[in-house]
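Trainee: Here is my input, please return the structure:
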Amino acid sequence: MYPMLIEALHERLACGRPIRVALIGAGRFGTTVAAQLGQIPALRLGVVCDVRAENARGAWEAFGGPAVSDRLVVARSPTDVATAVAEDRPVLTDDLEAALAAPVEVVVEATGRPAIAARTVMTALTAGRHVVNVTVEADALLGPLFQRTAAARGVVYTLADGDQPAVTKRLCDWAQALGYEIIAAGRGTRFLPSDAVGVPEEAFARYGFSPELVQRRRFNPQMYNSFRDGSKAQIEMAALANATGLIPDCRGMHEPTAGVRDLPRVFALREDGGILERAGVVELANSVGPDGQELPDGLANGVFVILRTRSPLLAEDLPFYGLPGIAVASGPGGYAALYRPYHLCGIETPLSIAEAALLGRPTATPRPTPVAEVITVAKRPLRAGEILDGSGGRLVRGLIERAEVARAEGLLPFGLADGARLRRDVAPGEPIPSDAVDLPADSPAVRLRRELDAVLDS
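Mentor: Presented below is the predicted three-dimensional model:
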């Protein structure tokens, strides 16, 4: 894939037609995407849209340095934005419709807000733009609808390389192309028991981030709390499940303590001494031990795929060269773990941009029918009338479940929790049914989810 992509990038640069990109959302992830675009001459940042002008300016400076930010055009009308982009002038706007009407080939959605992302992705796809979606929360809620819309418009909808779902999908593709059976695939976590009820105000302290770093990189406390309370990992594994057909083995997954050397032993089938009831699942490997200490070979920032081979020769050859990245179980079953100890948020995302625009291929995209859902669970006792605050908030967290179970039990999709008003009290740890809330009538995410449900029910 990479030689073909490099050749296509060189061709676009040689003919003077760089791929123009609209960046929607300029927080930490979006700003890193902008910086990486600045290193690839065939990719060109066209417009940055953020409600905070300082964020958009920061993204432009990351892309081209102070010389670019000094020439910034601030515009709000679609005409003014389109003119600036066509003339290769750096432009920022806080108007989403104006940004999406600009003459670009690819839209990168990086707001981290499911309701905004739903509007961004559907508007861009309907207008014939390729979309690279960083807001995985929206994918877990609406991904199959995005995929169906992209297919109907002849464009690409994809998750972003560099983030765990797409990085893990690449490992799965490698394993499947070589004919291996995938027993499990997933990501590492760093999860303490107290994290499950964590609140945004504590998130940066839990990570040990300094106030200077938080301010300089414009970190979002609710987003970082979604990492700490486990919701983000659940959401990402739902996106991976829907892109691969792998399913959760149980609600919330097992998430055992497991270092690199443990992976192929722990994530084996029960009959082979592991924890899994079935093959073909998504999972999490917690790098925190029962004593609260991190494992020396933990995979907190990495991803993995558990393979199985019936060939004794291949089971011997997989680890033969002693390279990092492969671990093999010593027990029965022919299990091996292929792992990558890192993911590069934002840095690798331009690969997805280029693949979409030049090769017409997604890095990772949902299948038309979802196999996994993220359900909404109360963090603390909730009272009728309270308004839920969504992923990373104080009130609820998300857990993965098989889509068929979530639908049969009528459970509230986690992506709809932000802004929903409770009709009744809910106990801590209790899944919240859809009929226990009133959803905001003006939410694009609510409208689109109902449209997806209607398609799936037909």
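
Trainee: Distance-wise, check residue 279 relative to residue 121.
Mentor: 32 Å (Cβ to Cβ, to the nearest Å). Where C-beta positions appear, they are placed from N, C-alpha and C, glycine not excepted.

Trainee: more neighbours, these two?
Mentor: Neighbour tally, residue 279 and residue 121, criterion other Cβ atoms under 10 Å: the higher count belongs to residue 121, 30 against 15.

Trainee: got the CA coordinates for the helix or strand hosting that one in PDB?
Mentor: Using DSSP states H and E, residue 121 falls within helix 114-126. The C-alpha trace of helix 114-126 is given here as PDB (Å, rounded to 0.1, in the frame of the first residue of the first chain):
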ATOM      1  CA  PRO A 114     -20.800  13.400  18.800                       C
ATOM      2  CA  ALA A 115     -23.700  15.800  18.100                       C
ATOM      3  CA  ILE A 116     -21.400  18.200  16.100                       C
ATOM      4  CA  ALA A 117     -19.600  15.300  14.400                       C
ATOM      5  CA  ALA A 118     -22.900  13.800  13.300                       C
ATOM      6  CA  ARG A 119     -23.700  17.100  11.500                       C
ATOM      7  CA  THR A 120     -20.200  17.500  10.100                       C
ATOM      8  CA  VAL A 121     -19.800  14.000   8.700                       C
ATOM      9  CA  MET A 122     -23.300  13.800   7.100                       C
ATOM     10  CA  THR A 123     -23.000  17.300   5.600                       C
ATOM     11  CA  ALA A 124     -19.600  16.600   4.200                       C
ATOM     12  CA  LEU A 125     -20.500  13.100   2.800                       C
ATOM     13  CA  THR A 126     -23.700  14.400   1.200                       C
END
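
Trainee: Mind listing what's buried along it?
Mentor: Buried residues in helix 114-126, counted by 16 or more other Cβ atoms under 10 Å: 114, 115, 116, 117, 118, 119, 120, 121, 122, 123, 124, 125.

Trainee: what mean pLDDT does it have?
Mentor: Averaged across helix 114-126, pLDDT comes to 96.

Trainee: Quick check: which helices or strands does it pack against?
Mentor: strand 19-24, helix 96-100, strand 106-109, strand 130-133, helix 136-153, helix 444-457 (3 or more Cβ pairs under 8 Å, 6 or more residues apart in numbering; DSSP states H and E).

Trainee: helices and strands of this protein: which one has the lowest mean pLDDT?
Mentor: strand 326-328 (a mean of 67; mean pLDDT, DSSP states H and E).

Trainee: in this structure, which residue is closest to the centre?
Mentor: Among the residues of the chain, the one closest to the centroid is residue 136, at 3.5 Å (Cα atoms, centre = their mean).

Trainee: quick one: contacts for that residue?
Mentor: 159, 163, 165, 232, 235, 236, 239 (Cβ atoms under 8 Å, 6 or more residues apart in numbering).

Trainee: about what we covered before: work out the gap between the helix or strand that the least confident helix or strand of the chain is followed by and the centre of the chain.
Mentor: Next along the chain after strand 326-328, taking DSSP H and E as the criterion, comes strand 335-340. How far strand 335-340 lies from its chain's middle: 21 Å, per Cα atoms, centre = their mean, to the nearest Å.

Trainee: okay, strand 335-340 in CSV with CA atoms only?
Mentor: Output in CSV follows, covering the C-alpha atoms of strand 335-340 (Å, rounded to 0.1, in the frame of the first residue of the first chain):
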residue,chain,number,x,y,z
TYR,A,335,-1.7,-18.9,20.0
ALA,A,336,0.4,-15.9,19.2
ALA,A,337,0.1,-12.2,19.9
LEU,A,338,1.0,-9.6,17.3
TYR,A,339,1.3,-6.3,19.1
ARG,A,340,2.3,-2.7,18.5
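
Trainee: helices or strands next to that strand in the packing?
Mentor: helix 164-177, helix 263-266, strand 303-308, strand 326-328.

Trainee: With respect to burial, which of those scores highest?
Mentor: Comparing these by mean neighbour count (mean count of other Cβ atoms under 10 Å), strand 303-308 comes out on top with a mean of 28.

Trainee: Thank you, goodbye.
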